[in-house]
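A.B. asks: sequence and predicted structure are below.
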Amino acid sequence: MLQNETILLRAVEPEDLEVLYKWENDTSIWDVGNTRQPYSMYMLKQYIDQIDKNIYEAGQLRLMIVNKITKNAIGTVDLFDLDMHHSRIALGLYIESGNQGKGYATQTLHLIENYVFNFLQINQLYCQISISNIASKLMFEKEKYETNGILKNWIKTPNGYEDIIVFQRFRTT
């Protein structure tokens, strides 16, 4: 299982519908998540019902981050844009606001790195972080992810265009 003493990463379950609806429709995070419109309960229920492909077929995987003490979902981690030929996969990580700053993101990152590098045997894990997302930027720097580029004016925000930083970590043998 993907877990440590504090958190558990598990597959999305039907009982996650309400919390996913809340998180996916939080307009304050749409810029960092690349969301363009609200999601209906119906759409999310269909998404949950259709998660039956493995990561190789779907090219992506979403896992719920669960606090093992409270048993509550506190966020999600997404692996997407799987490219087996080039052996790389993108990472998205969300911790709900009430649980931010408690180390859950870093713990999730360590668990997902182990899964990607040791189980899936993927060579590269990468993410794109907006320049204004200071907390995420600091976490990836602290965790020794390589900064390998800045994409200028990459995302459109209510305040104009914003740059993103490309972070990468490579599998060590």
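C.D. replies: On my side now, so go ahead.
A.B. asks: could you point out which element follows the lowest-mean-pLDDT helix or strand in the chain?
C.D. replies: Of all helical and strand segments in the chain, the minimum by mean pLDDT, DSSP states H and E falls on helix 30-33, at a mean of 66. Once helix 30-33 ends, the next helix or strand along the chain (criterion: DSSP states H and E) is helix 41-49.
A.B. asks: just checking, next helix/strand downstream of that following helix?
C.D. replies: helix 55-58.
A.B. asks: ok, which stretches of this structure are strands?
C.D. replies: Counting by DSSP state E, the chain has strands at residues 2-3, 7-11, 61-67, 73-83, 88-95, 124-130, 146-157, 160-170.
A.B. asks: could the ones you listed go into TSV alongside mean pLDDT?
C.D. replies: TSV is the format used below for those (pLDDT from 0 to 100):
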stretch	mean pLDDT
strand 2-3	96
strand 7-11	97
strand 61-67	96
strand 73-83	97
strand 88-95	96
strand 124-130	96
strand 146-157	93
strand 160-170	95
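A.B. asks: how about those in CSV, adding mean neighbour count and distance to Ala105?
C.D. replies: No exception for glycine: its C-beta is placed from N, CA and C like everyone else's. What follows is those, written out as CSV (neighbours: other Cβ atoms under 10 Å; distance: least, Cβ to Cβ, whole Å):
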stretch, mean neighbour count, distance to Ala105
strand 2-3, 15, 15
strand 7-11, 17, 10
strand 61-67, 20, 9
strand 73-83, 19, 8
strand 88-95, 20, 5
strand 124-130, 19, 11
strand 146-157, 12, 18
strand 160-170, 16, 13
